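1. have a look; sequence and predicted model below, questions after that.
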Amino acid sequence: MPKKQKDILVKDRQKIDRPKRYKVVFYNDDFTPMQLVTLILMEVFNKGTQEAHTIMMKVHKGGKAIAGTYSKQIAETKVATAIMYARQSGYPLHTETEPE
């Protein structure tokens with residue numbers, strides 16, 4: 001009786017890249033109050049009081065600052081939520097995502 005041969009499975013190894021990360025950038029404007037920007041950073045981006053204040057001051061003095069870096073979907077959700085909060089308060093906060 002012939003011997004049975006075992007089938008050998010060979011798997012191709014595919015390199016899976018990490019998902020792209022996206023920065024959430026806040027831009028300065030002359031209308032949105034600093035307190036509202038700080039509150040949004042604390043509530044939406046889970047920043048502590050001091051870190052939120054520091055980011056807000058970078059926006060105020062430098063024209064823009066990074067609030068955080070996230071996966072694309074999370075970054076887009078945080079931007080939409082931040083804009084929603086600002087619009088509900090009647091302010092034109094400008095924030096957007098940028099690839100890292």
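-> Everything's here; your move. Numbers count the residues shown, from 1 in each chain.

2. quick one: residues contacting the residue sitting nearest the centre point of the chain.
-> Nearest to the mean C-alpha position of the chain, counting by CA atoms, centre = their mean, stands residue 75 at 3.2 Å. Counting by CB atoms under 8 Å, 6 or more residues apart in numbering, residue 75 touches 22-24, 68-69, 97. Where you see a C-beta, it was placed from the backbone N, CA and C, and this is true even at glycine.

3. redo that, cut-off 6 Å
-> Contact analysis of residue 75 by CB atoms under 6 Å, 6 or more residues apart in numbering lists 22, 24, 97.

4. find the nearest non-adjacent residue to it, please.
-> Spatial nearest neighbour of residue 75, chain neighbours left out: residue 22 (4.0 Å); criterion: CB to CB, 6 or more residues apart in numbering.

5. report the distance from the helix or strand harbouring the one you found to the chain centre.
-> For residue 22, the host element (DSSP states H and E) is strand 21-27. How far strand 21-27 lies from its chain's middle: 6 Å, per CA atoms, centre = their mean, to the nearest Å.

6. with only the CA atoms kept, save stretch 81-90 in PDB.
-> In PDB, the C-alpha atoms belonging to stretch 81-90 read as follows (Å, rounded to 0.1, in the frame of the first residue of the first chain):
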ATOM      1  CA  THR A  81     -18.100  67.000  17.100                       C
ATOM      2  CA  ALA A  82     -15.900  70.000  17.800                       C
ATOM      3  CA  ILE A  83     -17.500  72.000  14.900                       C
ATOM      4  CA  MET A  84     -21.000  71.000  16.100                       C
ATOM      5  CA  TYR A  85     -20.300  72.300  19.600                       C
ATOM      6  CA  ALA A  86     -18.900  75.600  18.200                       C
ATOM      7  CA  ARG A  87     -21.900  76.100  15.800                       C
ATOM      8  CA  GLN A  88     -24.400  75.400  18.600                       C
ATOM      9  CA  SER A  89     -22.700  78.200  20.500                       C
ATOM     10  CA  GLY A  90     -22.800  80.400  17.400                       C
END
